[in-house]
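Colleague: got a sequence here, can you build the structure:
(one chain, ligands or ions: 1)
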Amino acid sequence: MDLTFSAAEEAFRADLRSWLAESVPAAWREPGFWAGVPDDEAFGLRREWERRKFDAGFAGIDWPTEYGGRGGTPGMKAIYDEELALVRAPATVNPLGLAFLAPTIMAVGTDEQKREVIRPLLRCDVIWCQGFSEPDAGSDLAALRTSGVADGDDIVVNGQKVWTTNASHGDRIFTMVRTEPGSQRHRGLSMLLLDMHQAGVEVRPLRQMSGATEFGEVFFTDARVPARECLGGLGNGWATAMLLLSFERGASGISQYTAFRQTYDEIVRAARALGRDTDPVLRQELGRRLAELECLRYHAMHVLTQVERGADLGAESSMTKLQWSETYQDLFETFDDLLGADAAVSTPVAGLDLSALQSEGFWSRSVTIWGGSSQVQRNIVAERVLGLPR
Ligand SMILES: Cc1cc2nc3c(=O)[nH]c(=O)nc-3n(C[C@H](O)[C@H](O)[C@H](O)COP(=O)(O)OP(=O)(O)OC[C@H]3O[C@@H](n4cnc5c(N)ncnc54)[C@H](O)[C@@H]3O)c2cc1C
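Modeller: Below is the predicted model:
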């Protein structure tokens, strides 16, 4: 495992750091800032931020230059994630497109798809949604029922998706449908790149416990998609989806470490402000969280080293997903222990602004579900990494 970055990578860090110092508004760095901005306004600010990064050459760091990227190393991408987390730059508005769809298109897309999809996605001119889950097909994706029937040069789509992140702001959706009528399980599926701005697509927002409506239900009624907009080949959707999910679960973990470490420091500050920092039980718990965070950092560096050596992580990416999601959730278990019953109150302590931590705490409940639940990740690790019997 290599714990250092090259001189060229450190030079990139210095450039990026000075650009961020003059580009990230001071207000954004306040821990409570984003919690106080209404959803749509926040989305607009974050979208504009992505465009500024693209125009300044700080987008697609490890993507080939032909796609509008910078052609950098995985190390530069890790530094980029780390530096953005350090200045509290907002998370991207196009996570599903950037992290999962784009690498899948680079791997199995047609020339036309590469040309038409990747650059607008990188600049966030087109926001992508992921339409995999259905009411009875979440962990068991092969149970999906949304149908796609050929009609001339088009495929006509009918069915329902659920838990679609960014549904209300989405321009296009990469979605899994059954294109061979009567096919079973993972056979006869296709992944389609569908325009959400058409009469046959209806989005109904779902409200989360934080109050936000970050995701929604998507209904297709005779929605149309040209057959050339099928990704990875008609009837080959399962293989395309598995490739895409390996990108979803394999994110390096360095930026998570940096962001979670800031959250940890805020929880420690809150413990001090509440006079709980001398409580021996809480101190022990905080010590355990710090140890878990450091394990996450070392695991992230291990993954980065493997990736730089060209290793294909495959099913091992489930270990990364498990580790970062559970570490993050544990942090907020400790936050809840710090506040006790007050954790459920909107202003738990007079004079102490804990709104950002509370809102993150609500969010943290979801991270062991999306991208494949912890139970499902453990099954994958047991069967495909450790070779245990089914
Ligand atoms: C915040 C959030 C955002 C999301 N965004 C998207 C999105 O953009 N696009 C999208 O397509 N989906 C999205 N999802 C859906 C997500 O992928 C599913 O919720 C997830 O795959 C779990 O499926 P499910 O909710 O149907 O639960 P179920 O599959 O019904 O599972 C219920 C419980 O049973 C357990 N379980 C199920 N099968 C097994 C098994 N074989 N072995 C052991 N335990 C099992 C699960 O771990 C879980 O605890 C999102 C979900 C959340 C919470």
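
Colleague: and the residue of the stretch 101-250 of the chain nearest the ligand?
Modeller: Gly138 (1.8 Å; CB to the nearest ligand atom). To be clear about C-beta, it is placed using only N, CA and C from the backbone, and glycine gets the same treatment.

Colleague: okay, now that residue: neighbour count?
Modeller: 18 (other CB atoms under 10 Å).

Colleague: got the contact list for it?
Modeller: Trp163 (CB atoms under 8 Å, 6 or more residues apart in numbering).

Colleague: now the residue lying closest to Glu9 once chain neighbours are set aside: how far from the ligand?
Modeller: Distances taken as CB to CB, 6 or more residues apart in numbering place Gly75 nearest to Glu9, at 4.6 Å, with adjacent residues excluded. Gly75 sits 29 Å away from the ligand, going by CB to the nearest ligand atom, to the nearest Å.

Colleague: what's the burial count for Gly75?
Modeller: Quick note: Gly75 (other CB under 10 Å) scores 24 neighbours.

Colleague: now the one 4 residues further on
Modeller: A count of neighbours around Ile79, defined by other CB under 10 Å, yields 22.

Colleague: cool, and Leu231?
Modeller: Leu231, neighbours per other CB under 10 Å, totals 24.

Colleague: just list whatever residues bridge to the spatially closest residue to it that is not a sequence neighbour.
Modeller: Distance criterion CB to CB, 6+ apart; nearest residue to Leu231, sequence neighbours excluded, is Met191 at 4.6 Å. Beta-bridge pairing of Met191 under DSSP bridges involves Met176, Leu231.

Colleague: helices along the stretch 251-390 of the chain, start to end?
Modeller: For the stretch 251-390 of the chain, the helices defined by DSSP state H, counting those that start in this stretch cover 254-273, 280-308, 317-339, 355-364, 374-380.

Colleague: list of residues touching the last one?
Modeller: Taking CB under 8 Å, 6+ apart as the criterion, the residues outside helix 374-380 that touch it are Ser139, Arg249, Ala315, Ser318, Met319, Lys321, Leu322, Ser325, Glu326, Thr368, Gly372.

Colleague: what sits closest to the residue nearest the centre of the chain if chain neighbours are left out?
Modeller: The residue at the geometric middle of the chain, judged as the C-alpha nearest the mean C-alpha position with CA atoms, centre = their mean, is Pro95 (5.1 Å). Nearest residue to Pro95, sequence neighbours excluded (CB to CB, 6+ apart): Thr165, at 7.6 Å.

Colleague: quick check: buried residues in stretch 7-16?
Modeller: Under the neighbour-count criterion of 16 or more other CB atoms under 10 Å, stretch 7-16 has Glu9, Phe12, Arg13, Leu16 buried.

Colleague: in three-state terms, label the closest residue to Asp39 other than its chain neighbours for me.
Modeller: Closest residue in space to Asp39, ignoring its immediate chain neighbours: Ala212 at 5.7 Å, by CB to CB, 6+ apart. Classification of Ala212 by DSSP: H, G, I helix; E, B strand; the rest coil places it in coil.

Colleague: and Ala212, how many residues sit next to it?
Modeller: Neighbour tally, Ala212, other CB under 10 Å: 16.

Colleague: quickly note the distance from it to Leu206.
Modeller: 10 Å (CB to CB, to the nearest Å).

Colleague: ok, Gln184 next?
Modeller: Taken as CB to CB, the span from Gln184 to Leu206 is 30 Å.

Colleague: which of the two has more neighbours?
Modeller: With neighbours defined as other CB under 10 Å, Gln184 and Leu206 compare such that Leu206 has more, 15 against 10.

Colleague: the more buried one contacts Glu217, correct?
Modeller: Yes. With contact defined as CB atoms under 8 Å, Leu206 reaches Glu217; the gap is 6.4 Å.

Colleague: who touches both of the two?
Modeller: With CB under 8 Å, 6+ apart as the test, Leu206 and Glu217 both reach Val162.

Colleague: tell me which parts of the stretch 101-250 of the chain are close to the ligand?
Modeller: Gln130, Gly131, Phe132, Ser133, Gly138, Ser139, Asp140, Trp163, Thr164, Thr165, Phe215 (CB under 6 Å from any ligand atom).

Colleague: show me the residues you listed that map onto strands.
Modeller: Among these, the members falling in strands (DSSP state E) are Gln130, Gly131, Trp163, Thr164, Thr165, Phe215.

Colleague: tell me the most packed of the residues you listed, by neighbour count.
Modeller: Per-residue neighbour counts (other CB under 10 Å) across those peak at Gly131, which has 31 neighbours.

Colleague: show me what from the stretch 251-390 of the chain comes close to the ligand.
Modeller: So the stretch 251-390 of the chain meets the ligand at Ser366, Ile369, Trp370, Gly372, Ser373, Gln375, Val376, Asn379 (CB under 6 Å from any ligand atom).

Colleague: low-confidence ranges, the stretch 101-250 of the chain, go.
Modeller: By pLDDT under 70, the low-scoring segments of the stretch 101-250 of the chain are 248-250.

Colleague: just say helix, strand or coil for Arg145.
Modeller: coil.

Colleague: please begin residue numbering at 384 from this point
Modeller: In the new numbering, first residue 384, that becomes Arg528.
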